[in-house]
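A.B. asks: here's my sequence, what's the structure:
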Amino acid sequence: MLTAKILHCSGSNLESCNGLKRALEKRGFEADIVSVTDMYKWARTGDVKAKLMVVPGGHTSKIFSDIALHTGDAKLKWMKRFVQTGGSYLGVCAGANLGSSDLSYQYYDLAPYTPAKRFEMKGLGLLPVKTQGPVAGMGNHFSKTENVVNPSMKDAVQAEVTTKENGSKTCYYLYGSALRILDHEQVEILARYKNAEPAVIQRISDEAEGKVVLTCIHAEYEPQDVEKEETPDQTQSRNELMDLILAPFLPIQRLSNETKITDQAEDLDQTTPAVA
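C.D. replies: Numbering: from 1, shown residues only. Purely as a prediction, here's the structure:
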């Protein structure tokens, strides 16, 4: 099982950190919330292939500048190197923006919410995607006159996404982006927004590199985090979506799939007649 470290800094959202810690521990991970300095030391020592770096929701440019300030690495090359040498990465909302190639976000004036300015920045390029927000029809977005560093958790809205294998799931959306894929051969889509734009993706990578999952929605938030009410079905749906997000990092899941393939091969051997 991978050991997970969740980054907390002045730009990250503590509710997202706490929710991710709960979700990871529930699924058997050893998980801790750590500072930038501690994350930096941890990522540069030991066997990185046994490690999962988690960057939660928050304010993307603030997280980027916090990391750069406390590590002295203006381009965050150490984070790229961590993944290139076998470390795994989970980026949630702002963390997904950070892991992408580029981020583009449209800010708005207050009501009637006319376009005001567009914010753009370069990401780590862990996946060949551009994150672009807000997602049309989701019901919330940043205004240039609002406090974009610490948005209210009350602004989160319940969102519906569609997964490839398990149908519709409910989670939370808070100023997230859509994932515009630049190279489909390197990326698998795990879930889509209702408008069909990708919301959760993973990298199709070889064994030399770590797993990468980027999610622009929040399955880690619980009702008390966002001051919302949930039905039992919505809670189950959100938990199933978190299972999907974390599955690529679970060796048990991969072993289960390998076992199924082996069993199918044995069945074929028993039912296929020999050819002379």
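A.B. asks: all contacts plus neighbour counts: C-alpha atoms, from now on.
C.D. replies: OK.
A.B. asks: tell me what Thr215 is bridged to.
C.D. replies: Val92, Val200 (DSSP bridges).
A.B. asks: what pLDDT does it get?
C.D. replies: Here, the pLDDT recorded for Thr215 equals 97.
A.B. asks: ok, it - contacts?
C.D. replies: 90-93, 96, 199-201, 245 (C-alpha atoms under 8 Å, 6 or more residues apart in numbering).
A.B. asks: ok, of these, which one's closest to Glu30?
C.D. replies: Leu90 (14.7 Å; C-alpha to C-alpha).
A.B. asks: what's that closest one sitting at in phi/psi?
C.D. replies: Dihedral angles of Leu90 (phi, psi; degrees, to the nearest 10) stand at phi -120, psi 120.
A.B. asks: that one and Leu246, how far apart?
C.D. replies: 8 Å (C-alpha to C-alpha, to the nearest Å).
A.B. asks: same question for Ser61.
C.D. replies: 25 Å.
A.B. asks: which one of these two has more residues nearby?
C.D. replies: Taking neighbours as other C-alpha atoms under 10 Å, Ser61 and Leu246 compare with Ser61 leading, 20 against 15.
A.B. asks: quickly note the distance from the more buried one to Gly99.
C.D. replies: 12 Å.
A.B. asks: can you list residues touching both of these two?
C.D. replies: By C-alpha under 8 Å, 6+ apart, no residue touches both Ser61 and Gly99.
A.B. asks: returning to what we had before: now a ChimeraX select for only the buried ones of the contacts of Thr215.
C.D. replies: This is the ChimeraX syntax for the buried subset of the contacts of Thr215, where burial follows 16 or more other C-alpha atoms under 10 Å:
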select :90,91,92,93,96,199,200,201,245
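A.B. asks: what packs against the helix or strand Arg81 falls within?
C.D. replies: Assigned by DSSP states H and E, Arg81 falls within helix 77-84. Applying 3 or more C-alpha pairs under 8 Å, 6 or more residues apart in numbering; DSSP states H and E, we find helix 77-84 packed against helix 36-43.
A.B. asks: ok, then the element right after the helix it packs on?
C.D. replies: strand 51-55.
A.B. asks: what distance do you get for Val226 to Ile217?
C.D. replies: 13 Å.
A.B. asks: more neighbours, these two?
C.D. replies: The neighbour comparison of Val226 against Ile217 (other C-alpha under 10 Å) goes to Ile217, with 30 against 18.
A.B. asks: alright, that wraps it up for me.
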